[in-house]
Structures are given as structure tokens and as C-alpha cells.
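Enquirer: Got a predicted model here, sequence first, then my questions.
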Amino acid sequence: MTIKNNRLTAQQYKEKFADIHPPFETSGAALLEANRCLFCFDAPCTKACPTSIDVPKFIKQISTGNMKGSALTILSSNIMGGSCARVCPVEKLCEGSCVLHNRQEPPIHIARLQRYSTDMALKSQWNLFKRKNSRGKKVAAVGAGPAGLSCAHWLARQGIDVTIYEKENEAGGLMTYGIAAYKVTPEFCREETDFITSIGGIEIKYNEELGRDLSLADLKKNYDAVFLGIGVGLTRQLEIPGENLEGVVDAIRFIYEIRKDGFSKTAVGDKVAVIGMGMTAIDAATQAKRLGAREVTMIYRRTEKEKPCTDEELEIAKLDGCNIIWLASPKEIHGENGKVRSLLCSKMELGEPDDSGRKFPFDTGETFVLEVDMVIKATGQVPYTDMLQSNRIKLSSGKIRIDANCTTNVGAVFAGGDCVNGGKEVVDAVEAGKEGAKSILKYLGITD
Amino acid sequence: MADISSNFLGIKSPNPFWLASGPPTDKKYNVLRAFEAGWGGVVWKTLGSQVKNVSSRYSAVDFNGHRVMGFNNIELISDRPLEINLREIREVVREFPDRAVIVSLMADNNKESWHDLIKQTEDTGAHGIELNFGCPHGMSERGMGSSVGQNPDIAKMIVEWVMETATIPVITKLTPNVHSVVPTAKASVEGGTNALSLINTIQSITGIDLDNFVPNPNVGGKSTYGGYCGPAVKPIALKMVASLSLNSYTNKVPISGIGGISTWRDAVEFMLLGSTTIQVCTAVMTHGFRIVEDMIEGLNNWMDEKEFQTTNDFIGKSVPYLTKWGYLDMNYHVVADINQEKCISCGLCYITCEDTSHQAINVEFGNPYNKYTIKEDDCVGCNLCMLVCPVNDCITMLEKRKGSEYLNWLEYQKRGLPLNDH
């Protein structure tokens, strides 16, 4: 058993990581789907969208051939409508609430239509937004992820000059670095970032990390307001023996490497255990399998009923041939010559609901051993607690505390996205960026 | 099995489904294919003086992704030499003796031309003649087609010329491009026509190319008014057929119904309003001849279900159910009812009633699904919500009479009953 890279041919990589939700192949197919939409009043799909995209309107606009109008309808509510069309768990949001379910029919393929519209907008480089004249106000956004980009675009539209500080050398945040490659490509993320910044008034400074290359105090001094959209960091420690063995990796780092270094350069074991059952765990497990791991086993301490990922995501893992073990928790990682050899797991049992409202898993005392050479940890990400606390930002359970105006306890410092909500969907971060921008405008006294 | 055969003025056909005069009946090749597919009869594309057609010729109206809800043409009468058409008609009549072969005619505007054309047509052995008084484009600019049909006096005169010499049944085909089809229909009956057929096409512009501004169909950068037909015109045609069936003068002759018929259901509706046979064109131009299979089977099954032995058992059956507005019962009242179990919460009933009708639907906002209920006292029973509801039988109209007796508008006025109930 070894951990190695370059397990497949270039053609195999291409096939394994092909677009999982391919776009409509023809405009006719998109039209056919658009015409299925009933154009509901007070549409449930719009209500289910965290950014409140007027779904019936943009679909109607596709059906009338008003493509610019449809793209504007989407992007004015959600500037990352292209990303969300690819990565949103639509089965629990817009598509999940489509009234056609009530007629025992498949829902409108809203995400696919949204992709049809936004792809055209990005490809054609339509100038859908006109920036107001500069008002001479400057805002710093920290983090060029969905929250930061969304906040920056909203502010730029209103004539604010925005500088985004990004610790990586690419924008997009987890869109670029933390999502399975078969859902979204780095090329698309770049294209989308270019589209967002094309409005003008947005400068992104790369390789600038808060706490390392710049301080909050300086930002506060040099800008009229600061927006923190810094997301969350690496995966939580398992805090079990053997965690430092070679072959124990962090899911975020693993996905990041795939995106950064490419498929053939990312090493994967023969037999891989993935701990956790969130979206990131699924993305790690499926990609380990697609990179050529012989066996991938997902381990979750609760049951299928409590899993954080959607049914659709779990289905992808199952179809990829990942094994699933419910009610199991890692207890110890055994090694040999400093390398992972096996994983000892406890069998769990569900008890009473805990704070999260989900039934709390108890160790039954029984154990079993999985022979593995790689363990990927995907048990939730840890916020940048130390950095934030040293800047006197108040936290609650590790998350930045904000008031109804998206303001932190530090004046002129606003926040939104994963660093506030602890890690939700891209669409939630986009909405948080928008809300943050609105609060900043209010704070700056801009009302028109 | 019901007997679906037709006898139209002695012209027999195994079913009442004829192909209307048009491109599908322009040649022997097509007509033989139609008969092989099962069509009961054809009206051969109009014969007359030699003409020349343009390119392009057709255009259409699509609706919400559905192709050809309406169809438009600027084609003239048959552009094939008369002798070839006549020879082919003769051959077709021989090859399919059980089918009806009627020939559409449009002679030049003089008696001799008509007499000559009728004689040549009768020599083929064809079973009937249809006079084309309806074509609304091209030929009408030359004083023929709808120019005749729009003028009852001229129509009558030509029918008289025809009847002087015709020995086989004559059907006069009417144009809908008039305020009422009745005057020309009456004039034609007075002139002696044996039967009427309707409708021909309706003058139209189906659309405009928004890039080059040229209306459809484009003929070298220009267009002209065309003749509209297809599913979109069916309601107009049904009304016109009904108006002849209700008229005590025109209802003495049989009718062949035409206009947007695509299915056995459409056909039955035309027959219920008084058509003995029906004619189809656009539907075969968009789907081919094989649609007749379902028309035959569908009609048969429906007749069996309703226990009709022959088509005569139901032809005209719906005519007595039409009356003038003034005779409608003002005590009859319906109110909408939403079946909550079937409702999918699309809100179309609500928004249409709220924006455009009587604000008679109540909404209780929910997440994500709203609940919609009828405000019975405000509902006028217009049917709109039921019509826009995308779920079958979800919204129904319940009868809640205002009074037990039949009370029409005339009586209502006479009694001085209150007009404004708002």
C-alpha cells in the first residue's frame, strides 16, 4: 500500500473529472426547459434562494430571447450566479421547492438554466452593470472569496473604490480552492472574477494575508470601512493518537492541492478513509476515488438521517463506489515506519439530541479496524480564532459576532460569510457580502 | 364498432375525414399516399388558369416553444399544367373508387371559363366540385378567390353560371375575411349551390424578423398578406360554421367544416355544430398523413362510448345549445372552488384574479408555499382561475344558483331588477 500520484492517464483524468452537471447542449433544449416553468406568483424557488433571485422572471426572459435581461436578473441579485449554478445544493433550495414537485413531476432545472444565462453573459462579456461615479470613499475587503467579491461588486456599483486583500494568488476563495473539480474549474473561477472586477473600482491585491502581511489597524486607518470575508481555515483536529502520521491529510488541503497542482500531481492512497459526511467530505472522498484510490471508505459518527450533506451529494459518493460506514468514529490511527497502516474506529450509538438538535452519538465500546494508508479529515473547519482575537474582534463559538448591520464590535469593521456563519453555502456568503455592502453604504451615509 | 362512413350529397367516403384543397392534394403522388394512409376523401388543389408561384411561401406562429400554432401561406392555386392535374385526378378516381375526390376550381371571371373548366373536371370522373371563393392572397388581387366570396352578388352570379352546367354536386367554399359569412352563404344557396364549406384562410401577417424588419414570409426582402390557418383559427371557424347552422336559410344545405382541425376531437366539434364532413390541411402539413389513423380510431371509440351508430346521430347535436346572449339564464351562478389537496401553490389563480379580475382569491403567505382560497362572495364565476390553473380538476366551478327559475336578460329588464350588484 502506498500513497502516490500519477495513477491515471491524462485521458482518464479528463473523463473522471468531467463536468458533473453539463450545460444545455443547445439553445433549443434550454428553451424547452424554460417553457416548462409556470411563472409562479410569489415563487417558492425565489423564496428558497438565499440571494432571492427572481427565478420565474429570469426563466421567462430566457424563453423570450431576452438573454441580457435574464443575466441581469440573476446577477443583480447574485453576482456569483454562475458559480452558484454549478455548486448550489439546489435540491434543498430553489429546485427543491419548485411547485412541480407537488404535481409529481421533476422540478424545473433552474441551476442549468441559470448556468445557460450566466455562461452567455460571461462568455460575451456583457457590460450589464454601470458603475456610478467614484464618490471618493475607500473600502478594504479582506478575502476574495464569494463574500468579499459580492460585497466589493455591490459597493463598486455604488461608486465606492474597493481594495480586496487575498492571501492566495487567485480569487474565488473556496470556489477556487475548496470544491470538487468536477463541479467547477479554476478557469471558470478566473473568468467569473474577471467579470466581477470588470465593472471597475475593484482592485485585488494577492498574497496579502491579514495578520501576516497586513494589520487590521492599518486597514482601519487607510480605509473608510473594512469588510472581513476571511472564511474559515483548516479542518478541525481529530485529537486522537496517530494524527501526525504521514498519510493523515486535511480535506481542505487535499482539495486545494488538486486545484492548485493538478490531478496527476496530487498523491492519493490505495485505501483511503474519509472522516466526516459534509459537502467537503464528499468532495474529498469522490475525488480520492477519481484520482485512482482503490478503496475509499467514508466514516460518520451519526446515521444517514443526521448527515450534513444532501442526498444528491451522498448519491455521487455512492455512484463513485465509495463505501459508507455509519455510526463509526475514529479512535486511533496506527502507523508503521511513521506511515498510516490502519484506522481503529469505535462503533457508535445515538442518544438524546444535543445542542445542534441532532441525536448525540455515544461510543458503544465496540471497535473495528480498517486497513488504510491514507486518512482524510473532513470534520468541519476551524475559524481563524487567534488572529481575530488578537485584533480584538469578538467571537461567539469561534465565529465573528455581528449585529443586525453586519458590524463587528470594532467600529467601521464589517463581516460576513463563513467567518460569521461557521461555514455554509457559497450562495449564503454571496448574500452576506451583499448585506455587508448595504450596511457599509448606510454607515458611509450613502442613501441614493 | 360504429359506422363512421359519410354520405355527402351522395358522395360517399369511408370516413368523414377529407383533405382540404391545398399543397397536400396537388398531385397524384400525395393523394395516393393520403388514401393509403386512410383518408376518406380529398379536395384536389384548386385548378384554374396557369399561375406561377414565388419562394418562400409559408410562415408560422409558434407559442411557448410549441411549433406552428398558426400557419400562413402565400401560395396560389395549383401551378401545375391543367392537363396533368386532370389526368392524375382521373387515375386516382380509378385507383381508389371508394374514396371521395372533389376538385377545387377557380376559373377566370367569365361564364365560358367556368363552363369549360367544369366540363373538363367532370370528364375525369371526379365526384364533386368545390368553388374556391376564399383564397385571400394573390388570386384576390386578380378579382378571384376571396374577392368573389366577399361580394354576395358576384358569388351568386358565379354559382348560377356553375349550376347551369354542373351535373355533379357543387360545394361553395367561403372566405372568413368578411364581417359575417352568412350573406355570401345565403347568396350561394340562392344561386343553387348544393353545399357549403368553410373556412378558407384568414388574412394575416404572422410575424416580423426583428433583425431585418421584413415580415414573414420573406420573398426577396418583401412580404405580402398571407392566409392564416392551423390550430389557432379553429375557434373562429367553429363560430362561422355554427352561424350557418343556426341560419334557417343556409342550414338547408350540408356543410363541410374546415379550419384548424388536427384531431378527432376537433372533427367531432365541427360535426356537432353541423358539419357532415370535415377537411384537414395544416395538421397533415405539420405531421404527415398518418394522423388520420388516430382520427379514425378516436372517432370510432367516442361514438361507441356515446352509443352513436352513424355520424348522422350527432351531426348538429350542439347547435340547439347555442343561443343569443339575451336568452342566457341570469339566475345561473357558479363560484370557483380550489381543491387544496391538488393545489401546487403556483399562485397563478391568485395573481390573475387579483390583477385582472375581481380580487376574489385570498392568499395566506407561507414558506415556501402559499395557501389560496376563494372569497365566495366576491367570485363572479368567470372561469379565469380554472383556466389558468396548471393542475387538472384542481379548480372547479360549483353551481350556486341565484334563484330557481330561468330568468333571461329580457325578462330581467322587464321586471326592473337591480343592475348594479357591486
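Expert: Received it, and whenever you're ready, just let me know what you need. This structure is a prediction, so every number in the text was calculated from the model and none was measured.
Enquirer: my guess is A:E425 contacts A:C88, does it?
Expert: Yes. Look at A:E425 against A:C88 with C-beta atoms under 8 Å: they come within range, at 6.4 Å. Placement of C-beta: from N, CA and C, glycine included.
Enquirer: the more surrounded of the two?
Expert: A:C88 (25 against 19; other C-beta atoms under 10 Å in any protein chain shown).
Enquirer: What separation do you get for the more buried one and chain B?
Expert: 16 Å (C-beta to the nearest C-beta, to the nearest Å).
Enquirer: Would you mind listing what in chain B touches chain A?
Expert: Residues of chain B lying near chain A by C-beta under 8 Å from any C-beta of the partner chain: B:64-65, B:343-348, B:350-351, B:363, B:365, B:367-370, B:390-391.
Enquirer: Counting neighbours, which of these end up buried?
Expert: The neighbour-count criterion (16 or more other C-beta atoms under 10 Å in any protein chain shown) marks B:343-348, B:350-351, B:363, B:368-370, B:391 among the residues of chain B next to chain A as buried.
Enquirer: Longest helix in chain B, by number of residues?
Expert: helix B:291-306 (DSSP state H).
Enquirer: which parts of that helix are buried?
Expert: Buried residues in helix B:291-306, counting neighbours by 16+ other C-beta under 10 Å, are found at B:I291, B:V292, B:M295, B:I296, B:L299, B:N300, B:W302, B:M303.
Enquirer: picking that back up, include secondary structure and pLDDT when you put the buried ones among the residues of chain B next to chain A into CSV, please.
Expert: Formatted as CSV, those follow (DSSP: H, G, I helix; E, B strand; the rest coil; pLDDT from 0 to 100):
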residue, secondary structure, pLDDT
B:C343, coil, 98
B:I344, coil, 97
B:S345, coil, 97
B:C346, coil, 98
B:G347, coil, 98
B:L348, helix, 98
B:Y350, helix, 98
B:I351, helix, 98
B:V363, strand, 98
B:P368, coil, 94
B:Y369, coil, 97
B:N370, coil, 98
B:V391, coil, 97
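Enquirer: What is the neighbour count of A:N244?
Expert: 9.
Enquirer: can you map out the strands along the stretch 51-200 of chain B?
Expert: B:58-63, B:66-73, B:100-106, B:128-132, B:170-173, B:195-198 (DSSP state E, counting those that start in this stretch).
Enquirer: Nearest residue to the residue nearest the centre of chain B in space, ignoring adjacent ones along the chain?
Expert: Centrality entry for chain B: nearest residue to the mean C-alpha point is B:G259, 2.4 Å, by C-alpha atoms, centre = their mean. Spatially, and ignoring its direct neighbours in sequence, B:G259 is nearest to B:A237 (2.4 Å; C-beta to C-beta, 6 or more residues apart in numbering or on different chains).
Enquirer: before we move on, which element is that neighbour in?
Expert: Using DSSP states H and E, B:A237 maps to helix B:234-246.
Enquirer: Pull out the buried positions in that helix.
Expert: The neighbour-count check on helix B:234-246 (16+ other C-beta under 10 Å) flags B:K234, B:A237, B:L238, B:M240, B:V241, B:A242, B:S243, B:L244, B:S245, B:L246 as buried.
Enquirer: Could you list every helix and strand that the helix or strand bottoming out on mean pLDDT in chain B packs against?
Expert: The helix or strand of chain B with the poorest confidence is helix B:146-149; it has a mean of 92 (mean pLDDT, DSSP states H and E). When contacts are defined as 3 or more C-beta pairs under 8 Å, 6 or more residues apart in numbering or on different chains; DSSP states H and E, helix B:146-149 packs onto helix B:152-165.
Enquirer: one more time with 10 Å, if that's ok
Expert: The helices and strands touching helix B:146-149, judged by 3 or more C-beta pairs under 10 Å, 6 or more residues apart in numbering or on different chains; DSSP states H and E, are strand B:128-132, helix B:152-165, strand B:170-173, helix B:182-191.
Enquirer: quick revisit: looking at the buried ones among the residues of chain B next to chain A, which is nearest A:D218?
Expert: B:P368 (45.0 Å; C-beta to C-beta).
Enquirer: give the contact list for the closest one.
Expert: A:42-48, A:93-94, A:96-99, B:345 (C-beta atoms under 10 Å, 6 or more residues apart in numbering or on different chains).
Enquirer: can you tell me how far it sits from A:T51?
Expert: To A:T51, B:P368 is 15 Å away according to C-beta to C-beta, to the nearest Å.
Enquirer: can you list the helices and strands packed on helix B:146-149 in JSON lines and add mean neighbour count and mean pLDDT?
Expert: Converted to JSON lines, the helices and strands packed on helix B:146-149 look like this (neighbours: other C-beta atoms under 10 Å in any protein chain shown; pLDDT from 0 to 100):
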{"stretch": "strand B:128-132", "mean neighbour count": "27", "mean pLDDT": "98"}
{"stretch": "helix B:152-165", "mean neighbour count": "19", "mean pLDDT": "97"}
{"stretch": "strand B:170-173", "mean neighbour count": "28", "mean pLDDT": "98"}
{"stretch": "helix B:182-191", "mean neighbour count": "22", "mean pLDDT": "98"}
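Enquirer: Now render these as TSV, adding distance to A:S346.
Expert: Below are those laid out as TSV (distance: least, C-beta to C-beta, whole Å):
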stretch	distance to A:S346
strand B:128-132	89
helix B:152-165	97
strand B:170-173	88
helix B:182-191	91
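Enquirer: Which residues of the stretch 51-200 of chain A lie near chain B?
Expert: A:56, A:63-65, A:93-94, A:96-105 (C-beta under 10 Å from any C-beta of the partner chain).
Enquirer: circling back to that earlier point, per-residue confidence for the residue nearest to the centre of chain B?
Expert: At B:G259, the model reports a pLDDT of 98.
Enquirer: try the one 3 residues further on
Expert: Note on B:S262: pLDDT of 98.
Enquirer: and it, what helix or strand is that in?
Expert: Going by DSSP H and E, B:S262 is not in any helix or strand.
Enquirer: For the closest residue to it other than its chain neighbours, grab phi and psi.
Expert: Closest residue to B:S262 apart from its sequence neighbours, by C-beta to C-beta, 6+ apart: B:A283 at 3.8 Å. Dihedral angles phi and psi of B:A283 (degrees, to the nearest 10) take the values phi -60, psi -40.
Enquirer: Correct me if wrong: B:A283 contacts B:T263.
Expert: Yes. The pair B:A283 and B:T263 passes the contact test of C-beta atoms under 10 Å, sitting 7.8 Å apart.
Enquirer: Quick check: neighbours shared by the two?
Expert: Shared contacts of B:A283 and B:T263, counting by C-beta under 10 Å, 6+ apart, come down to B:P231, B:I291, B:M295.
Enquirer: Throw these into CSV and include pLDDT, thanks.
Expert: What follows is the shared contacts of B:A283 and B:T263, written out as CSV (pLDDT from 0 to 100):
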residue, pLDDT
B:P231, 97
B:I291, 98
B:M295, 98
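Enquirer: before we move on, the earlier item: for the contacts of B:P368, which one is nearest A:L149?
Expert: The nearest member of these to A:L149, counting by C-beta to C-beta, is A:L93 at 20.1 Å.
Enquirer: can you pull the contacts of that closest one?
Expert: Going by C-beta under 10 Å, 6+ apart, the list of residues near A:L93 reads A:C45, A:K47, A:A48, A:C49, A:P50, A:C84, A:I110, A:A111, A:T310, A:E425, A:V427, B:P368.
Enquirer: which regions of the stretch 101-250 of chain B lie under the pLDDT threshold?
Expert: Of all residues in the stretch 101-250 of chain B, none has pLDDT under 70.
Enquirer: Which one of the helices and strands packed on helix B:146-149 lies nearest to A:D448?
Expert: Using C-beta to C-beta, the nearest of those to A:D448 is helix B:182-191, at 64.7 Å.
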